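# Quick one, what's the 3D model for this:
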Amino acid sequence: MEKKHLKNIIENLHRELASADSIDAESRALLQALAQDVEKLAGDTASVEIEHETTAGQLKNAALRFESEHPKLAMALGEVIDALGRLGI
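Model prediction:
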């Protein structure tokens, strides 16, 4: 059930990313890469621990970075972080 919830949260992140107009190309590329990493981690529980920590750290940094200019996007990233934590990722 938790993975299905994570999938829904990831879909929400993609929607927020698509609707955010004022994100520069570099930030958009970073967020898209992070979303792909999260999808990969969610589907592969045998991934290397370092990869999990790196992705989680990048997600947290991205959420902080977008907090003031893109609060919905930051909230979507926070939901992904929380869902990954509940999965033990």
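# Could you list which residues are in contact with the residue nearest to Leu87 when sequence neighbours are not counted?
What sits nearest to Leu87 in space, not counting adjacent residues and going by CB to CB, 6 or more residues apart in numbering, is Glu2, at 5.4 Å. For every residue, glycine as well, the C-beta is placed using N, CA and C. Applying CB atoms under 8 Å, 6 or more residues apart in numbering, we find Glu2 in contact with Ala83, Arg86, Leu87.
# and the residues you listed, which are buried?
In the contacts of Glu2, burial by neighbour count holds for Ala83, counting by 16 or more other CB atoms under 10 Å.
# In contact with Arg28, which residues are there?
Contacts for Arg28 (CB under 8 Å, 6+ apart) come out as Leu17, Ala20.
# List the buried residues of the lowest-mean-pLDDT helix or strand in the chain.
For the chain, the helix or strand with the lowest mean confidence is helix 49-66, at a mean of 73 (criterion: mean pLDDT, DSSP states H and E). In terms of neighbour count (16+ other CB under 10 Å), helix 49-66 has its buried residues at His52, Thr55, Ala56, Gln58, Leu59, Ala62, Ala63, Arg65, Phe66.
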